[in-house]
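Chemist: Sequence and predicted structure are below.
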Amino acid sequence: MKKFLMYFMSIAFACLMCTSCEKKSDADLLVGKWSVTSISITEDGRSFETKIEGNEYVYYTFVSGGKYVREINMSDDRYTENGTWVLDGKQLTLTMGEGIQVDHWYYNIQELTASRLTMEDRTSSKYNSVYHLEKVK
């Protein structure tokens, strides 16, 4: 009986270990509030980086089910946008608006962890922008 109990406990422990180690999907990792810390821009062969600091902020909040909110407070601009998001592999598409007034933003996810997100804006062909974000606790 003791051997059976030990065998049963070993199997139960192994099953528990396997289920607790499941890796979160990229969509699960994306859900939450993110703060843009800097934006790297390359245009006409010249590169520069803009840090977001002080009272300025750009937040992206991704909600499970495909909704997002972008809050911006930069210099004299302060506004909030609502829309939807779709993650297909490493391709993130943000859509805002409806009817004939619809805007799309396209991003390549370069890094996505539980605390860091780096995404390259593919919306414009004139310049290359890379957004560096950290998860807000």
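Modeler: That came in fine, so what should we check first? Numbering: from 1, shown residues only.
Chemist: ok, residue 70 - contacts?
Modeler: By Cβ atoms under 8 Å, 6 or more residues apart in numbering, the residues touching residue 70 are 58-61, 80-81, 83, 94. (Each C-beta comes from the backbone N, C-alpha and C, glycine too.)
Chemist: now those residues as CSV including distance to residue 127, neighbour count and secondary structure?
Modeler: Converted to CSV, those look like this (distance: Cβ to Cβ, whole Å; neighbours: other Cβ atoms under 10 Å; DSSP: H, G, I helix; E, B strand; the rest coil):
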residue, distance to residue 127, neighbour count, secondary structure
58, 17, 17, strand
59, 23, 17, strand
60, 20, 23, strand
61, 26, 16, strand
80, 25, 11, strand
81, 21, 14, strand
83, 22, 19, strand
94, 18, 19, strand
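Chemist: export those to TSV and tack on distance to residue 45?
Modeler: Listed next are the contacts of residue 70 as TSV, based on distance: Cβ to Cβ, whole Å:
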residue	distance to residue 45
58	26
59	31
60	29
61	35
80	35
81	31
83	33
94	28
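Chemist: can you list these in JSON lines and add distance to residue 128 and pLDDT?
Modeler: Below are these laid out as JSON lines (distance: Cβ to Cβ, whole Å; pLDDT from 0 to 100):
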{"residue": "58", "distance to residue 128": "18", "pLDDT": "95"}
{"residue": "59", "distance to residue 128": "23", "pLDDT": "97"}
{"residue": "60", "distance to residue 128": "19", "pLDDT": "97"}
{"residue": "61", "distance to residue 128": "25", "pLDDT": "98"}
{"residue": "80", "distance to residue 128": "26", "pLDDT": "95"}
{"residue": "81", "distance to residue 128": "22", "pLDDT": "94"}
{"residue": "83", "distance to residue 128": "23", "pLDDT": "97"}
{"residue": "94", "distance to residue 128": "18", "pLDDT": "97"}
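Chemist: Could you point out which of those residues is nearest to residue 105?
Modeler: If you rank the contacts of residue 70 by distance to residue 105 using Cβ to Cβ, residue 94 comes first, at 4.3 Å.
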